[in-house]
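# Here you go, sequence then predicted model.
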Amino acid sequence: MKETLPCAIEDYEKIPFQEFTRKAYLNYSMYVILDRALPHIGDGLKPVQRRIVYSMSQLGLSSTAKFKKSARTVGDVLGKFHPHGDSACYEAMVLMAQPFSLRYPLVHGQGNWGDPNDPKSFAAMRYTESKLSKYADIFLDELDQGTVDWLPNFDGTLKEPTLLPARLPNLLLNGTTGIAVGMATSMLPHNLREVAKALIHLIENEDADLTAICKYIKGPDFPTDAEIITPVSEIRQTYETGNGRIKMRATYQIEDGEIVFCALPFHASTEKIYEQIASQMEAKKLPMVSDIRDESDHEEPTRLVVIPRSNRIDCEALVDHLFASTDLEKSYSVNMNMIGINGRPEVKNLLTLLSEWLEFRSDTVEKKIRYRLDKILARLHILEGFQIAYLNIDEVIQIIRNSDHPKKELIKAFNLSEIQATAILEIRLRQLARLEEIKILSEIKELEEQRKKLEKLLNSKKAFKAYMIDEIKSDAKKYGDKRRSPIKERQEAEAFSATDILDIEPVTIILSQNGWVRSAKGHDIDPSKVKFKSGDNLMSFLRTKSDKPVVFLDNSGRSYMLFSHALPSARGNGEPLTGHLSLQPDTSIKYMLSRENNDFFLVGSDNGCGFIIKFSDFLTNYKNGKAVVSIKKEFNLLAPEQVYDLETDRIVAITSQGRLLIFPVNQLPKLKKGQGNKIITIPKKQINSNDPEKLKLLKILPLNSNLVIHSGKHFLRLNPGNQTDYTGMRGYRGKKLPRGYQSVDKIEVIPIKPAETNL
């Protein structure tokens, strides 16, 4: 028995893989863009929304009809026009029914259709009922008047409209969002009355610019009473480019010292905002708030109450912080991307959008008028035939009774058309009465008047414009309402900084040799008596305040920053700095600093170089710090010294071989980072020797201060007069200290008291 061989490879079409993938991706992306994600400028609907509205109209679910189960509608949509998932279709239908999601809902729902706190909490489609809203009439009233093109459905058994003949620019009224392949859209809702006025102005003034349009359309209008706080200039810029951002802010009132939020931004959830505020309270970031309550109910859908701890709390500052740190203030992107009347997706500005929609509407109205005119002309044609028949009734009856082919005989005898002859033959006997002839004459007169009016609309540009304006005015009166979202000028909201909510108090920062850090309240603590872990000891301590930043400097000259209030309590052993900072390999923290941002410090290394730096230049938010002092591996960073007066202070520099140099601090440059300039000269011969000479100590010497140099148990006191022997210019070699004082352990600066100066 012969085996059936598979088809030869040659029987298949061969396409380069690159070309195949390019075409496949292009086809898919165009399908997503045109048939799924982006709305059309004409009716402002995506295909699934259009099919839902049309299916509901076919089911007789008009605004005046009784409700039907939503599952019935979804079944019809899927079975006839939209072969996709039922959950996605039902979710699209729910969105069209939610008054908090759409400015002008297209579906009127009965049952649980979700709520603002959780829009997706709607009941299953087998429980809810629905019908079209009154607003949906703008899409359907003209559907059967020759206004749209029809195409076969997915299986070719039915016809569906390519677009719905919207009488208003629904895309601008309800807005929409969608993500396609390589592009997206985000349209915000607007007020119907404002848009109608802008359309009328544009019809009357074809050369109107965007400035004139913006006199009528002030900005978006959301289905919420919250405020739009985007400046008018920015809204204008958004309308001009088709891209931008709109910011909304909740409205509130003060009731008996309590802050009550009564309207939230579009798609903001009371529950989420409650959680955001509660989490801040739990993290002790809102110590001025004692409680928060959600009192929302059916009578007041939004009522969120924030209770300050006392009457002394600045409620305005607190509200400002909540705006900046929660969804009480939200921003919305605007990307006016849509499918134009040319069938191509494009980002359009407001003027282009309105002008193009008017072009679409003008074409629709013209089709509607021509359709009505054709119907009238067809009816008049038949009525003219009836009139001929009544004038020759006996002869007509004779022909019908005696002729084998009465239609042909009638056409020949009275010069009738086939349509007229057919209509005459279908007249009932009772319609041959005299009264029917009078009715026909009356109908002809009425239809002639209508014909003249319609022809005038088509032939007169002025009359056509007036007709469009009347339609827009009528719809604005029928479906329009007042603006809901007021546009207000507000200052930018600012959240509390970490220091704003602290009780400022003195603290002592303690750092151990193993890099453990802790913060003790008060300055009266003795760090030398603090207990450490076994094998660990005190390295340094710093007295500052709880609201100040603390700068940590490692031996490589790198700077790190932590806030005092963020450091662990001194009740325990503290925490390792490596848990807060990402130190570089083979480095350790050597010094701590904390001062005002505008204070200056002297920094240097034992290679003899240094510079003046402002305290704010040490600060960094990066966990891995930032490089400040450039130091080679064989050298070390010296302890930074605070500069008190950039004009009168002097720098004391002492080398390891006992050379002392004093010079004005203003001879060193002020830098943000680097190696700096030479402070004291150390010859290369001395640097490269077996016992290399290095810069050992740096000190700031204020004006009228004694300098005390300690060497073992001995000390040398240099008053201002004796200091001149060691004073020179920056970069000098310096002068040797007396024998016995060249091995310096530490330097002490003692200010001269006024009484000593007088002596």
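That came through, no problem.

# pull the helix or strand with minimum mean pLDDT from the chain.
helix 754-758 (a mean of 53; mean pLDDT, DSSP states H and E).

# burial of Arg490, as a residue count?
15 (other CB atoms under 10 Å). Yep, even glycine has a C-beta here, placed from its N, CA and C like the rest.

# Could you verify my assumption that it touches Ile229?
Yes: assessed by CB atoms under 8 Å, Arg490 is found in contact with Ile229 at 4.2 Å.

# who touches both of those two?
Common neighbours of Arg490 and Ile229, counting by CB atoms under 8 Å, 6 or more residues apart in numbering, are Arg249.

# Got the phi and psi for the residue lying closest to Gly740 once chain neighbours are set aside?
Of all residues not flanking Gly740 in the chain, His714 sits nearest, at 6.3 Å (CB to CB, 6 or more residues apart in numbering). The phi and psi values for His714, taken as degrees, to the nearest 10, are phi -100, psi 160.

# Equivalent analysis for Ile651, please.
According to degrees, to the nearest 10, Ile651 has phi -110, psi 130.

# My guess is it contacts Leu701. True?
Yes: with contact defined as CB under 8 Å, Ile651 counts as touching Leu701 (7.1 Å).

# joint contacts of those two?
With CB under 8 Å, 6+ apart, Ile651 and Leu701 have common neighbours Ile662.

# out of the two, which sits in the busier spot?
The neighbour comparison of Ile651 against Leu701 (other CB under 10 Å) goes to Ile651, with 25 against 22.

# Tell me how many other residues surround the nearest residue to the more buried one once chain neighbours are set aside.
Among residues not flanking Ile651 along the chain, Val665 sits closest, at 5.3 Å (CB to CB, 6+ apart). For Val665, the count of nearby residues is 22 (other CB under 10 Å).

# which residues touch Val665?
Residues near Val665 by CB under 8 Å, 6+ apart: Leu602, Ile612, Val643, Leu646, Asp649, Arg650, Ile651, Ile700.

# can you pull up the bridge partners for Leu602?
Here Leu602 sits in beta bridges with Ile612, Glu641, going by DSSP bridges.

# Settle this for me: it is touching Glu641, isn't it.
Yes: in this structure, Leu602 is within contact of Glu641 by CB under 8 Å, at 4.5 Å.

# Common neighbours of the two, please.
Shared contacts of Leu602 and Glu641, defined by CB under 8 Å, 6+ apart, comprise Leu698, Ile700.

# residue ranges with poor pLDDT in this protein?
Residue ranges of the chain with pLDDT under 70: 1-11, 31, 34-35, 432-435, 497-503, 754-759.

# if we go to 50?
Low-confidence segments of the chain, defined by pLDDT under 50: 1-2, 757-759.

# Have a look at it and report its longest helix.
Taking DSSP state H as the criterion, the chain has its longest helix at helix 350-391.

# After that one, heading C-terminal, what element do we hit next?
helix 393-402 (DSSP states H and E).

# so where do the strands sit in the stretch 1-150 of the chain?
Counting by DSSP state E, counting those that start in this stretch, the segments of the stretch 1-150 of the chain that form strands are 68-69, 107-110, 129-132, 150-152.
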